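**Q** Requesting a structural model of the entry that follows:
(chains A and B)
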Protein chains: 2
Amino acid sequence: MKIYLAGPDVFLRDAVEIGRRKVDICAAHGLTGLYPLDNIVDLAAPDASRQIFCGNEAMMDQADAIIANLTPFRGAGADPGTVYELGYMAGRRKFCLAYSNDGAVYADRVGRFLTVTSEGGRLVDPHGLTVEDFGHSDNLMMIHALELHGCPLVTPAEMPIDLWHDLAAFEACVRMAAARLIAS
Amino acid sequence: MKIYLAGPDVFLRDAVEIGRRKVDICAAHGLTGLYPLDNIVDLAAPDASRQIFCGNEAMMDQADAIIANLTPFRGAGADPGTVYELGYMAGRRKFCLAYSNDGAVYADRVGRFLTVTSEGGRLVDPHGLTVEDFGHSDNLMMIHALELHGCPLVTPAEMPIDLWHDLAAFEACVRMAAARLIAS
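**A** Model (predicted):
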């Protein structure tokens, strides 16, 4: 059973090494992890970014499931590139799993970056845009997609010291994927 | 032909009014716009956010296409909830269109929020995470999904004064959708 390993992990300094660790954890649970950086891309080519897209899409199409790293990325929410992939896999009717190493409530997290005020019963940011306040840790589309098309978002009880390298929540997803995919 | 109207527009103070304007523009081009706020949801119910998700997913499933508003939202990139929907529609093999009212290059835009430095030939943010630098205005997954599953991202030649209410780029998407969907 093949799992597509989505996340901003590919942007880390040790992106290759973290991918290897994730693939090893999958293997220990009887699963094959597919990591975007394992695609062969000519980064010097003028169409390098399209090659990356096509490689990632082909990997997703051959995978049975996705484990997306939704740890907040450059702001209050998850990495849009990763979220695109989660949506794509939900649309392909694949099994959807994800984790976030920051389990804070979204509205509280927005408050770390922007001044959030209350206006006529709703929370708003400085541009007057409503801050979603359903007690979830990110936008409701991802939260309920996971609940209804796979497994609920996994978050650690306590935020790990190293947000980008702690793989305990990732491994919890792998265990759930193995229980579901190997049984079926 | 039905178009799902995705975007953080639903978070605006005048969310209902902007939806009405978008639906009217669709109608003027012979298309039916489906706007998330037209779903009936009991916001006082304990499962309100799941009702919203299910309503949006049902709307997407009945639509032939999506026009996503990828204007940067609370940071350098697009709204993850909207991006989830774009991915979902690409996965469902629907016709994908999007616009962003800020056509700046992503790497430049990140620089408005964070200090971006050069490190061994790549741009990095203060956490050491690579800043994507292919000259696109957002993550390559969305950019090429649009190019390969619909129409390239529409951006205005000049950033409009009112980023959240200017619908010229939206209307350009509607015209492209009409040309494609009504002809087929």
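**Q** Now the helix or strand harbouring A:Val23: average pLDDT?
**A** Take DSSP states H and E as the rule and A:Val23 turns out to sit in helix A:15-28. Mean per-residue pLDDT for helix A:15-28: 98.
**Q** Against which helices or strands is that helix packed?
**A** strand A:2-6, strand A:32-34, helix A:168-183 (3 or more Cβ pairs under 8 Å, 6 or more residues apart in numbering or on different chains; DSSP states H and E). C-beta: built from backbone N, CA, C; applies to glycine.
**Q** Local confidence estimate at A:Cys173?
**A** At A:Cys173, pLDDT is 98.
**Q** That one: neighbour count?
**A** By the criterion of other Cβ atoms under 10 Å in any protein chain shown, A:Cys173 has 27 neighbours.
**Q** Now do stretch A:101-118: distance from first to last residue.
**A** End-to-end distance of stretch A:101-118 (Cα to Cα, to the nearest Å): 28 Å.
**Q** does any bit of it sit next to chain B?
**A** Yes. Stretch A:101-118 comes into contact with chain B (Cβ under 8 Å from any Cβ of the partner chain), by way of A:Val110, A:Phe113, A:Leu114.
**Q** same question, stretch A:125-132
**A** Yes. Judged by Cβ under 8 Å from any Cβ, stretch A:125-132 comes into contact with chain B through A:Asp125, A:His127, A:Gly128, A:Leu129, A:Thr130, A:Val131, A:Glu132.
**Q** Would you quantify the distance from the closest residue to chain B within chain A to B:Ile66?
**A** Using Cβ to the nearest Cβ, the single residue of chain A nearest to chain B is A:Gly91, 2.0 Å away. Remark: distance between A:Gly91 and B:Ile66 (Cβ to Cβ, to the nearest Å) = 11 Å.
**Q** got any residues that touch both of the two?
**A** B:Met89 (Cβ atoms under 8 Å, 6 or more residues apart in numbering or on different chains).
**Q** So for these two, which sits in the more crowded spot?
**A** Ranked by neighbour count (other Cβ under 10 Å), A:Gly91 and B:Ile66 place B:Ile66 first, with 29 against 24.
**Q** pLDDT score for the residue sitting furthest away from the middle of chain A?
**A** Most distant from the centre of chain A: A:Gly120, at 33.3 Å, with distances by Cα atoms, centre = their mean. Confidence at A:Gly120, expressed as pLDDT, is 87.
**Q** That's all I had, so thanks and see you.
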